[in-house]
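3D, please:
(one chain, ligands or ions: 2)
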Amino acid sequence: DGTINKIAAGEVVERPASVIKELVENSIDAGAKRIEVEIMAGGTSFMRVTDDGCGMTMEDAQMAVKRHATSKIREADDLVTIGTLGFRGEALPTIASVSRFSMMTRRAGDELGTSVRITGDGEPQVEETGCRVGTTIRVEDLFFNTPARKKFMKTTHTEGGKISECLTKLALSHPEIAFRFISNNKVSMTTPGTGRLEDAITAVYGTQAGEALLTVGFEDTDVKITGFLTKPSMIRSSRNWQTFIVNDRLVESKSMSKALDNAYHSLLPKAGYPLAVLFIEVPQRSVDVNVHPRKIEIKFEDEGRMFKAVYKSVLDAIRPSGQ
Ligand code: ADP
Ligand code: MG
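Ligands and ions are numbered 1, 2, ... in the order given. Below you'll find the predicted structure:
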């Protein structure tokens, strides 16, 4: 069983940032209003995600760390139309199998919570414990038992940067959740959780960005695009500051990035890339998010149509009068 977990770890857990992404997505699924992430040494030695979500019963908690026992897939059909963010039910067991893992969790209605500890391939140690409502997961010494994988990690600076980038995008995709990110004992990012995307953008990218926003609002039959991009005063040297959320899922799509850049550059100087956060809503059946085990890349049934929609939404934002 441990062997299976370790093999799968390569697909789900590539580096500390993949662990953070899985844990934070679970917190989001659990209905958290506040999520705190703390790391040390770029996440290589220590990562902790604390949420105030629904928590788990002792039974749930035990199930959660068992392979394939807990998938949110209820029916085969969900493989095509994935409603919730998580869908494989393997993240926690996989992460636990390559780290020193511990979890504390309690539901609001329960007097006592549960603590689960797992070290690598070891058996889970489960106990009742006093703890606050919600879930805290701690992952230490990632890849301590898989030296080959450990070698693939980059410097703590690089790994920490990946976590920061990933958290920034998760925070932007959920302006209704208050995020707090602490790295090496310093608070490096917070968002207010007001539900207003402008507030989240201002919190993570600064007031200058917040003051340079152009509103995106586009609708064409079953495609809806909303969000913000920035005026040329906030142009960036890379696409790192572009976030795409399709049906509540943070994704990467080369064609959407290209549509955004092309539209922007068709009207404004080619100095760099605009900062942008775009929410795209399309019928679930017209997207395929199963193209990669880490489910980041997205494919549209009609890529050409989506390209045009993003292109047009950006043009409209830059020229609101539509002349
Ligand atoms: P998946 O998200 O695909 O279901 P995971 O391995 O990521 O699989 O999580 C397993 C299960 O553990 C989840 O389905 C959920 O029931 C529970 N769980 C994980 N993290 C949390 C959390 N932060 N709060 C509440 N429940 C959680
Ligand atoms: Mg999950």
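
just the helices in this structure please.
Taking DSSP state H, the helices of the chain run over residues 2-12, 16-29, 58-64, 91-97, 147-151, 156-173, 197-205, 207-210, 254-267, 303-318.

Format these as TSV; extra columns: distance to Val126.
All C-beta spots, glycine's among them, are computed from the backbone N, C-alpha and C. As requested, the helices of the chain are exported to TSV (distance: least, CB to CB, whole Å):
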stretch	distance to Val126
helix 2-12	18
helix 16-29	18
helix 58-64	6
helix 91-97	13
helix 147-151	27
helix 156-173	29
helix 197-205	37
helix 207-210	46
helix 254-267	44
helix 303-318	46
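
Now tabulate those helices in JSON lines and tack on mean pLDDT and mean neighbour count.
As requested, these are arranged in JSON lines below (pLDDT from 0 to 100; neighbours: other CB atoms under 10 Å):
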{"stretch": "helix 2-12", "mean pLDDT": "54", "mean neighbour count": "16"}
{"stretch": "helix 16-29", "mean pLDDT": "95", "mean neighbour count": "23"}
{"stretch": "helix 58-64", "mean pLDDT": "95", "mean neighbour count": "17"}
{"stretch": "helix 91-97", "mean pLDDT": "92", "mean neighbour count": "25"}
{"stretch": "helix 147-151", "mean pLDDT": "90", "mean neighbour count": "11"}
{"stretch": "helix 156-173", "mean pLDDT": "97", "mean neighbour count": "20"}
{"stretch": "helix 197-205", "mean pLDDT": "97", "mean neighbour count": "21"}
{"stretch": "helix 207-210", "mean pLDDT": "94", "mean neighbour count": "15"}
{"stretch": "helix 254-267", "mean pLDDT": "91", "mean neighbour count": "18"}
{"stretch": "helix 303-318", "mean pLDDT": "95", "mean neighbour count": "19"}
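
Pull the contacting residues for the closest residue to Gln208 other than its chain neighbours.
Leaving out its chain neighbours, the residue that sits closest to Gln208 by CB to CB, 6 or more residues apart in numbering is Met234, at 6.6 Å. For Met234, the contacting residues are 208-209, 212, 274-275, taking CB atoms under 8 Å, 6 or more residues apart in numbering as the criterion.
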